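[1] Sequence first, predicted model second:
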Amino acid sequence: MKRVVVAIVLVLLGCGRSTPSPTTPTTPPVSEPDPLRTAAAAAGKLVGTAVQSSLLNDQRYAAVFARHFNYVTAEYEMKWDPIEKVRGSEDFSGGDAVAAYAAARGMQIKGHALVWHQAVPSWVAALPAAELRTVFEQHIKSVASHYRGRVLAWDVVNEAIDDNGFVLRNSIFRQKLGDRYIADAFRFAREADPQARLIYNDYSSEGLGGKADAVYELVKGLVAQGVPIDGVGLQMHVRAGGPPIEADVAANVRRLGALGLRVNISEMDVRIGDIGGATPANLERQKALYRSLVGVCIAEPACDAVTFWGFTDAHSWIHNQFGPDAPLLFDAQYAPKPAFAGVLDALLRR
Ligand code: XIL
């Protein structure tokens with residue numbers, strides 16, 4: 001009898017209801033991890049990814065992108081070749097689509113890249129020196145003006161140091177315009193967009209060593225000459241079998257910061273193909289690397305952003321460049337990997 005009364009009272013009180021009232025907070029499904037951008041913002045940093053405009057129509061891709069990132073780089077569409085495949089006719093549609101999508105979601109945008117020895121239109125490569133000088137200036141000013149007020153930063157010169165001997169790469173720009181093409185590029189970019197942070201970006205120069213020293217000397221020289229450079233991007237395309245040393249990366253960030261430059265991790269991915277692929281143990285190694293190297297940026301005041309070169313293993317340049325791999329934070333089905341947890345731990349300083 002007592003039990004029946006208790007049951008009636010509970011039903012009257014509404015405790016027996018099986019469906020939640022409209023005011024009951026809905027807990028996110030377990031598969032929805034905390035947004036990276038919330039954690040990054042709390043640390044005062046930007047967390048970014050490279051994207052391709054064509055993939056923004058894919059709902060799963062777009063949903064993960066919009067949830068986790070507050071910074072974006074066009075993986076390909078702001079480079080010279082896609083913009084001006086045909087001389088004199090500029091096509092900004094791809095980059096504009098990325099920029100509009102990001103701006104509508106309150107994300108910051110990084111332009112990439114005004115001067116690079118790759119993705120150069122074939123007609124540019126064929127020009128005589130005098131003509132190249134004119135076209136080079138026009139290209140930088142035109143693209144930087146087009147995105148003026150929309151981008152926080154520009155990778156102005158990308159990968160100008162050669163891997164052999166760590167001297168200036170003998171690109172068509174160096175061959176035809178001389179070493180001064182680098183300083184010129186920064187000056188042209190500043191003229192066209194006085195607000196954007198102007199960045200020198202390179203790979204294999206994250207820790208300490210010959211190439212990192214060459215990048216350091218290059219940007220130190222630019223600063224000394226009064227060239228308008230604001231920062232350095234460390235690409236951070238890492239191989240799990242031979243990663244940069246955390247303490248070296250921290251020391252490098254600090255010495256670049258001491259020049260008055262901002263630093264960002266600009267294109268991070270961590271290959272595990274070289275250590276045997278996506279076994280549980282290797283995914284944990286990958287997680288540890290993400291945690292430790294992103295952690296450097298979180299700990300170092302000079303470092304203001306971490307950008308990953310994509311976020312899902314379904315779409316990574318690594319597969320084409322180095323063979324099938326699993327280098328990013330989400331697997332090919334968009335489930336977060338241990339690497340994701342490693343990045344979140346780093347952003348939350350835990
Ligand atoms: C790569 C893109 O990921 C590819 O999709 C594209 O075909 C070629 O460029 N360093 C850089 C990036 O600065 O621009 C490169 O991106 C990867 C290496």
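    Received, thanks.

[2] Using the three-state scheme, assign His112.
    When classified by DSSP: H, G, I helix; E, B strand; the rest coil, His112 comes out as strand.

[3] I'd assumed Val157 was in contact with it.
    No. The criterion here is Cβ atoms under 8 Å, and His112 misses it with Val157 at 11.2 Å. C-beta here means a position set from N, CA and C on the backbone, and glycine is covered the same way.

[4] Is Ala189 inside a helix or a strand, and which specific one?
    In this assignment (DSSP states H and E), Ala189 forms part of helix 181-192.

[5] List the contacts of the very next helix or strand once past that helix.
    Once the chain leaves helix 181-192, the next helix or strand it forms, by DSSP H and E, is strand 197-202. Contact with strand 197-202 is made by 110, 112-113, 152-161, 182, 186, 189-190, 211, 215, 218-219, 222, 228-235, 262, 264, 266-267, as judged by Cβ atoms under 8 Å, 6 or more residues apart in numbering.

[6] what lines up beside strand 197-202 in the sheet?
    Sheet pairing of strand 197-202 (DSSP bridges) gives strand 153-158 (parallel), strand 231-234 (parallel).

[7] Convert the C-alpha atoms of that strand to CSV, please.
    C-alpha atoms of strand 197-202 as CSV (Å, rounded to 0.1, in the frame of the first residue of the first chain):
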residue,chain,number,x,y,z
ARG,A,197,50.9,40.3,-40.1
LEU,A,198,53.6,39.4,-42.7
ILE,A,199,55.2,36.0,-42.2
TYR,A,200,58.1,34.0,-43.5
ASN,A,201,57.1,30.3,-43.5
ASP,A,202,59.3,27.2,-43.9
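
[8] and the ligand, which of the contacts of strand 197-202 contact it?
    Ala113, Asn158, Gln235, Glu267 (Cβ under 6 Å from any ligand atom).

[9] Look at the last one and say how many residues are nearby.
    The burial count assigned to Glu267 is 25, neighbours taken as other Cβ atoms under 10 Å.

[10] so it touches Gly48, yeah?
    No. Between Glu267 and Gly48 there is no contact under Cβ under 8 Å: 9.8 Å.

[11] Between the two, which contacts overlap?
    Counting by Cβ under 8 Å, 6+ apart, the shared contacts of Glu267 and Gly48 are Thr307, Phe308.

[12] Which residues in stretch 180-195 does the neighbour count mark as buried?
    Using 16 or more other Cβ atoms under 10 Å as the test for burial, stretch 180-195 gives Tyr181, Ile182, Ala183, Asp184, Ala185, Phe186, Arg187, Phe188, Ala189, Arg190, Ala192, Asp193.

[13] quick one: which of the ones next to the ligand among the contacts of strand 197-202 is nearest to Arg87?
    Comparing those against Arg87 with Cβ to Cβ places Ala113 closest, at 19.7 Å.

[14] Correct me if wrong: the closest one contacts Met78.
    Yes. Under the contact definition of Cβ under 8 Å, Ala113 touches Met78, with a separation of 7.4 Å.

[15] and those two? which has more neighbours close in?
    Met78 (28 against 24).

[16] which non-adjacent residue is nearest that one?
    Among residues not flanking Met78 along the chain, Gly95 sits closest, at 4.2 Å (Cβ to Cβ, 6 or more residues apart in numbering).

[17] for Ser204, what are its contacts?
    Asp163, Lys211, Ala212, Gln235, His237 are the contacts of Ser204 under Cβ under 8 Å, 6+ apart.

[18] tell me which element it falls in.
    Per DSSP H and E, Ser204 falls between elements, in no helix or strand.

[19] Count the residues that sit near Ser89.
    Counted with other Cβ under 10 Å, Ser89 comes out at 8.

[20] any idea how far it is from Arg150?
    21 Å (Cβ to Cβ, to the nearest Å).

[21] do Ile172 as well
    Applying Cβ to Cβ to Ile172 and Arg150 gives a distance of 29 Å.

[22] Low-confidence stretches in this structure?
    1-31 (pLDDT under 70).

[23] Can you list the residue ranges for strands in the protein?
    Remark: strands assigned in the chain by DSSP state E are 46-51, 71-74, 108-116, 153-158, 197-202, 231-234, 237-239, 262-271, 303-308.

[24] Tell me who's in contact with whichever residue of the stretch 151-300 of the chain sits closest to the ligand.
    Here the stretch 151-300 of the chain gets closest to the ligand at one residue, Asn158, 5.0 Å apart by Cβ to the nearest ligand atom. Residues near Asn158 by Cβ under 8 Å, 6+ apart: His112, Ala113, Val115, Trp116, Asn201, Asp202.

[25] what pairs with the last one across the strands?
    This points to Asp202. Under the criterion used (DSSP bridges), Asp202 bridges to Leu234.
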